[in-house]
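Visitor: this is a predicted model, with the sequence first.
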Amino acid sequence: QVQLVESGGGLVQAGASLRLSCAASGRTFSIYTMGWFRQAPGKEREFVAAIRWAVRNTYYADSVEGRFTIFRGNALNTVYLQMNSLQPEDTAVYYCATAQIWGPAVMRRDSYNYWGQGTQVTVSS
């Protein structure tokens, strides 16, 4: 089992930045990929970004590429999502998750086996 805890969400104005964190514990040696997804009210949960744990390759959704950055920190088993130039359409609950594969399939929700509880990001116009 892997436990994931997100933090860093909040209420900001359009154009602002936020950094989300996701701390993993448990069987972290099994983590191959970590990803961020988001779910807005009334919408499906959608892919945001993913990072291949060992070599730090990344994937991004088109809607966030150039504004968001996923990276590993110096602290063990922690992944971050730096979000710049936030817009109201970025408002959602953000979830981190782990997968044991890499490739385009990491953009699919069903590729992930462990999920955090989510953190709310609200961007006002």
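Guide: Great, that's in hand.

Visitor: tell me which residues touch the nearest residue to Gln1 once chain neighbours are set aside, please.
Guide: Spatial nearest neighbour of Gln1, excluding adjacent residues (CB to CB, 6 or more residues apart in numbering): Gly26 at 4.9 Å. Placement of C-beta: from N, CA and C, glycine included. If you count contacts by CB atoms under 8 Å, 6 or more residues apart in numbering, Gly26 has them with Gln1, Val2, Gln3.

Visitor: thought Cys22 was touching the second one, still the case?
Guide: Right, Val2. No - with contact defined as CB atoms under 8 Å, Val2 and Cys22 do not form a contacting pair (10.9 Å).

Visitor: could you check which of the two is surrounded by more residues?
Guide: Cys22 (25 against 19; other CB atoms under 10 Å).

Visitor: okay, and that one sits in which element?
Guide: strand 18-26 (DSSP states H and E).

Visitor: and that strand, which residues are buried?
Guide: Buried residues in strand 18-26, counted by 16 or more other CB atoms under 10 Å: Leu18, Leu20, Ser21, Cys22, Ala23, Ala24.

Visitor: state the pLDDT value of Trp102.
Guide: At Trp102, the model reports a pLDDT of 95.

Visitor: list the contacts of it.
Guide: With the criterion set at CB under 8 Å, 6+ apart, Trp102 makes contact with Tyr32, Thr33, Arg52, Asn57.

Visitor: mind putting these in JSON lines, distance to Glu46 and pLDDT included?
Guide: Listed next are the contacts of Trp102 as JSON lines, based on distance: CB to CB, whole Å; pLDDT from 0 to 100:
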{"residue": "Tyr32", "distance to Glu46": "21", "pLDDT": "90"}
{"residue": "Thr33", "distance to Glu46": "17", "pLDDT": "94"}
{"residue": "Arg52", "distance to Glu46": "20", "pLDDT": "93"}
{"residue": "Asn57", "distance to Glu46": "20", "pLDDT": "93"}
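
Visitor: which among these end up buried?
Guide: The buried subset of the contacts of Trp102 - by 16+ other CB under 10 Å - is Thr33, Arg52.

Visitor: re earlier: for the buried residues of strand 18-26, which one is nearest Arg108?
Guide: Cys22 (18.7 Å; CB to CB).
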